[in-house]
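Novice: Structure for the following, please:
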Amino acid sequence: MTKLPHFVPRLHVITGLFFICLLVIMCRALQLAWISRDSFRKKGEKIALRYGKIPARRGELRDKNKLLLAWNERHFELWSTLASGESFSSYQQKVLARKFPERKFPASPDSRTALFFRLTPREVRDLEPLIKNGFPLRIKSKVIRISLKHPEADTRIGEIRNGTGISGWEKDYNALLQGRDGRYCVLLDRRRNWIPSSWQMLEKPVHGQNVTVPWALNKNTNNGRRKR
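Specialist: The predicted structure is shown next:
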């Protein structure tokens, strides 16, 4: 067999280059899988993972005859997830107009625009499949504090601000009424909608206690209600 002495240096060069490339690939894989793993994970979580607060339910206020003085009501609102400059497609507009003929959408909705307030249970049920099919919509739940509108009770019940009592019984019994908020995390899709299967409870909320005050309302006076 004829020897090719001029090919041996080339073979050494090719073999050396091969091992250098292999070493670079192995170092890069090691960097991605181990050294920079936490950095990439944090970047990914920052983009797709959203942490949120689960508000604790504020306790009810009752007089000594068990008449409700202050309580909570849950309302649902519909918000757009469109970015600035985007708009609903003609198909989406037709579907929404057909499902909600009595509702009127804002002219230029975006992520800062509430489309509907005080959704009915039927509307919430009808909207869920649309959101799952990619409609740029989001349902937000909002708890509103309601108190009895009564000349004898108004000043006694007091006011709340940002979930904390600032006057009257709301302030006096705030430590019992307020509770402690919970926490959750959830992954978002490319439209910033929740991916339901990714939702995870991190800390359960501790709801406030109901309080009975040592006072009774005069039942002969007509009662109303006021939202706070």
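Novice: what does stretch 182-200 contact?
Specialist: By Cβ atoms under 8 Å, 6 or more residues apart in numbering, the surrounding residues in contact with stretch 182-200 are 48-54, 56, 81, 111, 131, 134, 136, 138, 201-206. Every residue, glycine included, has its C-beta placed from N, CA and C.
Novice: Where is the longest helix in the protein?
Specialist: Ordering each helix of the chain by length in residues (DSSP state H) puts helix 7-30 first.
Novice: Would you mind checking the average pLDDT for that one?
Specialist: Taken as a whole, helix 7-30 has an average pLDDT of 76.
Novice: Select the helix or strand of the chain having the lowest average pLDDT value.
Specialist: strand 224-227 (a mean of 62; mean pLDDT, DSSP states H and E).
Novice: show me where this structure has helices.
Specialist: 7-30, 37-48, 90-99, 121-132, 154-157, 168-172, 174-177.
Novice: ok, the residue nearest in space to the middle of the chain - contacts?
Specialist: Centroid-nearest residue in the chain: Gly52, 5.7 Å away (criterion: Cα atoms, centre = their mean). Under the criterion of Cβ under 8 Å, 6+ apart, the contact list for Gly52 reads Arg183, Tyr184, Cys185, Val186.
Novice: try Glu159
Specialist: Gly165, Ile166, Ser167, Gly168, Glu170, Arg228.
Novice: and those residues, which are buried?
Specialist: Gly165, Gly168, Glu170 (16 or more other Cβ atoms under 10 Å).
Novice: circling back to that earlier point, Throw the contacts of Gly52 into CSV and include distance to Ala107, pLDDT and neighbour count, thanks.
Specialist: Listed next are the contacts of Gly52 as CSV, based on distance: Cβ to Cβ, whole Å; pLDDT from 0 to 100; neighbours: other Cβ atoms under 10 Å:
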residue, distance to Ala107, pLDDT, neighbour count
Arg183, 37, 94, 14
Tyr184, 34, 93, 16
Cys185, 35, 90, 14
Val186, 31, 90, 17
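Novice: now, among those residues, which is nearest to Thr155?
Specialist: Relative to Thr155, the closest of the contacts of Gly52 is Arg183; by Cβ to Cβ it sits at 35.7 Å.
Novice: How much space separates the closest one from Lys204?
Specialist: Here the criterion is Cβ to Cβ, to the nearest Å. By it, Arg183 lies 9 Å from Lys204.
Novice: Next, format the contacts of Glu159 as CSV and append pLDDT and distance to Trp194.
Specialist: Compiled in CSV, these are given as follows (pLDDT from 0 to 100; distance: Cβ to Cβ, whole Å):
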residue, pLDDT, distance to Trp194
Gly165, 93, 32
Ile166, 94, 33
Ser167, 94, 37
Gly168, 94, 38
Glu170, 95, 33
Arg228, 58, 29
